[in-house]
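[1] A structural model of the following input is requested.
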Amino acid sequence: MKIKPIDERVLIKPLEKEEKTVGGIIIPDTASKDRPQMGEIVAMGDDVEVADRKQKKMSELLKVGDTIVYARYGGTEVKLDDKEFMLISRSDILAVVEK
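    Sure, this is the predicted structure:
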């Protein structure tokens, strides 16, 4: 089965949380619950007409395969072929992680 997001929505595969930092600091569950989440873009909807031309189109900022930081409580959980995904709006994307 395949999902194609509509408008400026993005389907992401959430990445597993790190329980320990690179420096070896252990992060307790309570500390990470309110933090933004990270995920990989799996599919993107189409660009919509932007009234404010100062705002870039989604395809100019993001692409499939990008790792992003998204708002924890944004979006909808989707289960597809026994895999967990999140369907989020462009406005829930906080940053792109540069490699």
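
[2] which SSE is immediately downstream of the helix or strand bottoming out on mean pLDDT in the chain?
    Least confident element among the helices and strands of the chain, by mean pLDDT, DSSP states H and E: helix 29-32 (a mean of 54). With elements assigned by DSSP states H and E, the helix or strand that comes after helix 29-32 is strand 37-44.

[3] by contact count, what packs against that following strand?
    Counting contacts by 3 or more Cβ pairs under 8 Å, 6 or more residues apart in numbering; DSSP states H and E, strand 37-44 packs against strand 9-14, strand 67-70, strand 83-89. Backbone N, C-alpha and C define where each C-beta goes, glycine included.

[4] and those strands as TSV, adding mean neighbour count?
    Putting the helices and strands packed on strand 37-44 into TSV (neighbours: other Cβ atoms under 10 Å) gives the following:
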stretch	mean neighbour count
strand 9-14	20
strand 67-70	19
strand 83-89	17
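
[5] adding distance to residue 95 and mean pLDDT, write those out as a markdown table.
    Formatted as a markdown table, the helices and strands packed on strand 37-44 follow (distance: least, Cβ to Cβ, whole Å; pLDDT from 0 to 100):
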| stretch | distance to residue 95 | mean pLDDT |
| --- | --- | --- |
| strand 9-14 | 13 | 94 |
| strand 67-70 | 4 | 93 |
| strand 83-89 | 13 | 93 |
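
[6] ok, which of the ones you listed comes nearest residue 45?
    For residue 45, the closest of the helices and strands packed on strand 37-44 is strand 9-14, at 4.6 Å, according to Cβ to Cβ.

[7] for residue 11, list the residues it contacts.
    Contacts of residue 11 were listed using Cβ atoms under 8 Å, 6 or more residues apart in numbering, and they are 3, 5, 41-44, 78, 85-87.

[8] now, which of those sits nearest residue 70?
    Residue 70 lies nearest to residue 86 out of those, by Cβ to Cβ, at 7.3 Å.

[9] for the closest residue to the closest one other than its chain neighbours, grab phi and psi.
    Counting by Cβ to Cβ, 6 or more residues apart in numbering, the nearest residue to residue 86 once its immediate chain neighbours are dropped is residue 75, at 4.5 Å. The phi/psi pair for residue 75 (degrees, to the nearest 10) reads phi 90, psi -180.
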